[in-house]
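sequence first, predicted coordinates after that:
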Amino acid sequence: MSEAKAILRYVKISPRKMRLVAGLVRGLPVKAAEAELALSSKRAGVPLLKLLRSAVVNAVNNNKLPETSLYIKELRVDEGPVIKRWTPRAKGSVAMIQKKMSHVLLVVDAKEGVRQPSFSVIKKDYSARAGKKKAKGESRASEQKNRKKQLSGTNKQKIKGDDKPEPEKKTKLFQRKSV
C-alpha cells in the first residue's frame, strides 16, 4: 500500500516529553489517535495532533487513500538541536541549561479491517461563532453601562444581581494553640 508521511521539525519540546505522548497513539487508527491527542493534557499533544491531521490530508489528497482505513504506521521522535544557556550558581560557578528540540516523523498507511472507534470526533465550526462573540461582547458592555448608571444614583440601592448569600464562617478543624 502507498503511505503518506508528515514531518515536523524544531518543535520546542524535549524529545523525552514528546515520546510520552507519541507512545500513546503509535499503531492506533487515525480517528482514535485524534481523539486521544485532542483530550491529552500534555503540551506535546497539540503539535502531534496538527501533524496527524496534516498526514491524513496528505494521504487523502496526494495518495487517494480512504480516510476510514488509515492507521499510524510509524511515529518517530528524534532529537533536534540543543540551545545551550548558562545560569549563575554559587561561588562564581555556572550551570548549563539545555533547551532541547524535537523532530517528529509520522507515517500513515491504509490497511484492510481497521476497526473504527465507537465514537466520532466533532470538529468545531468557528465561522458562526465569530458573529455570536461580538454580539455577546456588545451586550455585556451595555449591561455594564446600565449598572454604572444605577450605581451613580444618589440612593445607591442594591442591584438585583448582587444578592449573594454571605459565606458561613467555618471553624478550623485543627488549631495550633489550645484556647
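Sure thing, it's come through. Numbering: from 1, shown residues only.

so where's this structure shaky on pLDDT?
1, 121, 126, 128-137, 149, 151-165, 167, 169-173, 179 (pLDDT under 70).

looking at it, which strand is longest?
The longest strand of the chain (DSSP state E) is strand 70-88.

show me what it is packed against.
strand 3-11, helix 15-25, helix 30-38, helix 45-61, strand 94-110 (3 or more C-beta pairs under 8 Å, 6 or more residues apart in numbering; DSSP states H and E). Any C-beta I mention is one placed from the backbone N, CA and C, and that applies to glycine too.

now that strand and helix 15-25, what's the angle there?
160 degrees (axes from the mean of the first three to the mean of the last three C-alpha atoms, to 10 degrees).

buried residues, strand 70-88. List them.
Neighbour-count burial for strand 70-88, counted by 16 or more other C-beta atoms under 10 Å, picks out Leu70, Tyr71, Ile72, Lys73, Leu75, Val77, Gly80.

off-centre distance for stretch 90-110?
Put simply, stretch 90-110 sits 20 Å off its chain's centre (C-alpha atoms, centre = their mean, to the nearest Å).

same check on stretch 102-119?
Worked out by C-alpha atoms, centre = their mean, stretch 102-119 lies 20 Å from the chain centre.

show the end-to-end separation of it, please.
Chord length of stretch 102-119, first to last residue, is 31 Å (C-alpha to C-alpha, to the nearest Å).

who's in contact with the residue nearest the centre of the chain?
The geometric centre of the chain, computed from its C-alpha atoms, lies nearest to Val46 (C-alpha atoms, centre = their mean), at 4.9 Å. Under the criterion of C-beta atoms under 8 Å, 6 or more residues apart in numbering, the contact list for Val46 reads Leu37.

one more time with 10 Å
The contact partners of Val46, taken as C-beta atoms under 10 Å, 6 or more residues apart in numbering, are Val11, Ile13, Val21, Leu37, Ala38, Ser40.

ok, Gly113 next?
Gly113 neighbours (C-beta under 10 Å, 6+ apart): Ser69.

tell me the SS of it?
Secondary structure, DSSP: H, G, I helix; E, B strand; the rest coil: Gly113 is coil.

what about it, distance to Leu106?
22 Å (C-beta to C-beta, to the nearest Å).

how about Ser118?
Taken as C-beta to C-beta, the span from Ser118 to Leu106 is 24 Å.

which one of the two is surrounded by more residues?
A count of neighbours by other C-beta atoms under 10 Å puts Leu106 above the other of Ser118 and Leu106, at 26 against 6.

surely that one meets Ser54?
Yes. Shown here, Leu106 and Ser54 form a contact pair, counting by C-beta atoms under 10 Å, at 8.2 Å.
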